[in-house]
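Asker: Next come a sequence and a model predicted from it.
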Amino acid sequence: MIRVYTKKRHISKIHEFLDSLDLAHKIFTVDDNSDLGDFDLGISYCYPQKITDPLLTKPKFGFVNYHPAPLPKYKGPTELTEAIKNKETTWGVTVHYMDENFDTGPIIKLKQIRLHEPPTSTQELGAISHYFLFDLFKETILDILHAKSNS
């Protein structure tokens, strides 16, 4: 069983994709109360709150975070604003194992993105990030599950 913690706007695409893989899952937003029942893998997909104990350590295979920026350079919720200020032309999205700190933990994969020119708004960079972040999710979720279930 996978538990995904995300924003409402991401629910349908995540649900549809996980269903297509026949993976048992539940999806939660900040408006939902999630119990501490057993589950195998926790996923934070652009979830706007920090996941802490006891939830963080509950899943058998731990928690991973899909972060819409390149880590470790752009941590936290202001990554898009900082990148625009820095006139970035190289960007990326990251999936990493979570620990008790914010946007830290071993990186599983960083997907690099070359931008033709520096983005001028958080909406522009956010759209780019979220497009590639969902690709990263689709590319890595089965590998993460298989790696953990075989260890």
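Answerer: Arrived safely. Quantities reported herein were computed from a predicted structural model and do not represent experimental measurements. Numbering: from 1, shown residues only.

Asker: For this structure, which residues score under the pLDDT cut-off?
Answerer: Per-residue confidence of the chain (counting by pLDDT under 70) places the weak regions at 149, 151.

Asker: show me what contacts the residue of it most remote from its centre?
Answerer: Using CA atoms, centre = their mean, the residue of the chain lying farthest from its centre is residue 117. It sits 25.1 Å away. For residue 117, the contacting residues are residue 89, by CB atoms under 8 Å, 6 or more residues apart in numbering. C-beta coordinates here come from the backbone N, C-alpha and C atoms, glycine included.

Asker: what ranges do the strands span in this structure?
Answerer: Listed in chain order, the strands of the chain (DSSP state E) span 2-6, 25-28, 41-45, 63-67, 90-97, 107-114.

Asker: Name the residues linked to the residue positioned nearest the centre of the chain by a beta bridge.
Answerer: The geometric centre of the chain, computed from its C-alpha atoms, lies nearest to residue 66 (CA atoms, centre = their mean), at 1.4 Å. Taking DSSP bridges, one finds residue 45, residue 95 as the beta-bridge partners of residue 66.

Asker: show me the contacts for it.
Answerer: Going by CB under 8 Å, 6+ apart, residue 66 touches 43-46, 93-95, 133, 136-137.

Asker: and the residue nearest to residue 41 when sequence neighbours are not counted, how many residues sit next to it?
Answerer: In space, not counting the residues next to it along the chain, residue 41 is nearest to residue 61; the distance is 4.5 Å by CB to CB, 6 or more residues apart in numbering. By the criterion of other CB atoms under 10 Å, residue 61 has 17 neighbours.

Asker: ok, back up a step: distance-wise, check the residue farthest from the centre of the chain relative to residue 147.
Answerer: Residue 117 sits 37 Å away from residue 147 when distances are taken as CB to CB, to the nearest Å.

Asker: what do you get for residue 39?
Answerer: Residue 39 sits 17 Å away from residue 147 when distances are taken as CB to CB.

Asker: returning to that earlier point: contacting residues around the residue nearest to residue 41?
Answerer: Going by CB under 8 Å, 6+ apart, residue 61 touches 40-41, 144-145, 148-149.

Asker: Return the set of buried residues in the longest helix along the chain.
Answerer: Criterion DSSP state H: the longest helix present in the chain is helix 122-149. Counting neighbours by 16 or more other CB atoms under 10 Å, one finds that the buried residues in helix 122-149 are 125-126, 128-130, 132-134, 136-137, 140-141, 144-145, 148.
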